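**Q** Here is the input, now give the coordinates:
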Amino acid sequence: MDEHTRDSENSGARAPDDRAHGLDVLLVAEPGLPSRRSAQVRETLKHELQELLDTPVRIHARTEPIRIDPDDTPDFNAAEQVSQEYERVDSTILITEIPRYAGSSPLVAQVFPSRRTGVVSNPTLGALAPKRRLVKVVVDCVLRIRSVSEESKTKSRVRWAKWAGAEDAGNSRLLAHRIGGGVRTVFGMIASNEPLRIAPKLSTALAVAAATGAFGIFYHSIWQMSAALSTFRMAVIGVLAITAMVTWLMVGNRLWDRPRRKRYASIIMLYNMSTVLTLVLCMIALYFSLAVIILVTSLIVIDPGFMSEILGSEATFANYLDVAWLSAALGSVAGALGSSFDADTNVKELTHGQRERQRMYSADRTEDGDS
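**A** Residues are numbered from 1 along each chain as shown. Below you'll find the predicted structure:
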């Protein structure tokens with residue numbers, strides 16, 4: 001059974017009059033998080049549109065790369081080619097992972113009624129309740145594409161951004177607040193990077209760090225040093241270890257972007273911020289994982305009586321924690337400086353900025369005629 005048949009069965013039979021003929025919406029989402037989110041909200045979106053428009057609704061979903069041209073307009077030709085594969089499409093919504101801006105304000109969505117197309121920037125939805133925000137934004141876009149009454153438009157519940165008409169340009173834009181929307185966009189980009197999916201790619205670094213950190217279990221000097229250091233110093237050591245590892249990853253893999261064109265400066269800065277914060281989250285997870293591994297191992301290997309003899313005082317669980325924390329710091333630095341990533345892991349592909357830089361720069365090369 002093909003997708004058109006399933007959608008028709010789920011939405012019920014089409015009524016003979018024009019109003020009951022139904023509404024077909026095509027969601028074209030980029031691979032990765034946008035595609036997964038569009039699949040997750042598909043049924044919710046159908047029910048909300050049916051309730052607002054009082055007509056059967058069919059939602060088609062496709063996963064396709066979306067090209068944004070150098071002038072920041074979507075490639076409508078590609079969208080039209082995809083829509084032609086379906087029997088009937090009333091509205092096409094493109095969901096991209098590119099953070100878009102209009103001046104200094106994040107551009108959440110843009111609607112082109114004449115082309116029956118809307119563009120939604122997934123990162124501008126943020127990391128908190130993004131699926132709920134996606135439903136509301138897509139509903140707003142569909143209502144404006146269909147040029148429904150103002151009363152119906154007010155039923156959409158986007159309260160964290162405002163629509164700004166650009167009638168002379170034949171489109172309208174949903175703009176977020178410059179500060180609040182900017183922060184939301186950065187966290188949305190971090191979510192697109194999916195730090196929890198990056199961490200397993202650092203298996204070689206974790207292995208080297210664990211091997212180095214294991215020395216802390218067997219060397220008495222590490223026990224004595226960890227017992228002598230204050231909590232503040234231990235915290236500083238942990239922060240420095242994480243900072244060293246993030247810096248190594250940024251420099252060693254050339255993850256810090258520099259805009260080739262001045263117009264990309266603000267966007268590239270967002271990419272850099274999201275990359276740094278993503279790696280910080282990954283390294284924090286790596287550091288605490290290493291500390292837990294060393295803590296469990298030390299509890300098994302080190303006899304409390306022997307540790308008490310070395311320290312000159314009764315050993316407590318806090319002493320084991322200190323040993324694990326300091327050993328994890330030493331192991332993290334060694335793992336960062338002395339390891340390389342697996343040959344089949346392209347770190348640049350794991351970060352939002354690098355993926356989008358390739359996309360934008362490829363558009364520049366097409367525009368400039370470079371090879």
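
**Q** quick one: secondary structure of Val25?
**A** Classification of Val25 using DSSP: H, G, I helix; E, B strand; the rest coil returns strand.

**Q** quick one, what contacts it?
**A** Taking CB atoms under 8 Å, 6 or more residues apart in numbering as the criterion, Val25 is in contact with 45, 49, 57-60, 89-93, 138, 142. In short, each C-beta sits where N, CA and C put it, glycine included.

**Q** Would you reformat these as JSON lines and include pLDDT and neighbour count?
**A** Listed next are these as JSON lines, based on pLDDT from 0 to 100; neighbours: other CB atoms under 10 Å:
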{"residue": "Leu45", "pLDDT": "92", "neighbour count": "24"}
{"residue": "Leu49", "pLDDT": "90", "neighbour count": "24"}
{"residue": "Val57", "pLDDT": "91", "neighbour count": "22"}
{"residue": "Arg58", "pLDDT": "91", "neighbour count": "26"}
{"residue": "Ile59", "pLDDT": "92", "neighbour count": "23"}
{"residue": "His60", "pLDDT": "90", "neighbour count": "21"}
{"residue": "Val89", "pLDDT": "89", "neighbour count": "20"}
{"residue": "Asp90", "pLDDT": "89", "neighbour count": "17"}
{"residue": "Ser91", "pLDDT": "91", "neighbour count": "23"}
{"residue": "Thr92", "pLDDT": "92", "neighbour count": "27"}
{"residue": "Ile93", "pLDDT": "93", "neighbour count": "27"}
{"residue": "Val138", "pLDDT": "93", "neighbour count": "26"}
{"residue": "Val142", "pLDDT": "91", "neighbour count": "26"}
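
**Q** Quick one: mark the members of those that sit in helices.
**A** Here DSSP state H is the test, and the contacts of Val25 give 45, 49, 138, 142 as lying in helices.

**Q** Quickly run through the sheet partners of the helix or strand containing Gly118, with directions.
**A** Element membership for Gly118 (DSSP states H and E) is strand 117-121. Applying DSSP bridges, strand 117-121 is found paired with strand 91-96 (parallel), strand 105-112 (antiparallel).

**Q** which residue ranges form the strands in this protein?
**A** 23-29, 57-63, 91-96, 101-102, 105-112, 117-121, 161-166, 171-176 (DSSP state E).

**Q** Serialize the contacts of Val25 to JSON lines and add fields for distance to Ser35.
**A** Shown next, in JSON lines, are these (distance: CB to CB, whole Å):
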{"residue": "Leu45", "distance to Ser35": "14"}
{"residue": "Leu49", "distance to Ser35": "20"}
{"residue": "Val57", "distance to Ser35": "20"}
{"residue": "Arg58", "distance to Ser35": "19"}
{"residue": "Ile59", "distance to Ser35": "14"}
{"residue": "His60", "distance to Ser35": "13"}
{"residue": "Val89", "distance to Ser35": "18"}
{"residue": "Asp90", "distance to Ser35": "21"}
{"residue": "Ser91", "distance to Ser35": "18"}
{"residue": "Thr92", "distance to Ser35": "15"}
{"residue": "Ile93", "distance to Ser35": "13"}
{"residue": "Val138", "distance to Ser35": "14"}
{"residue": "Val142", "distance to Ser35": "19"}
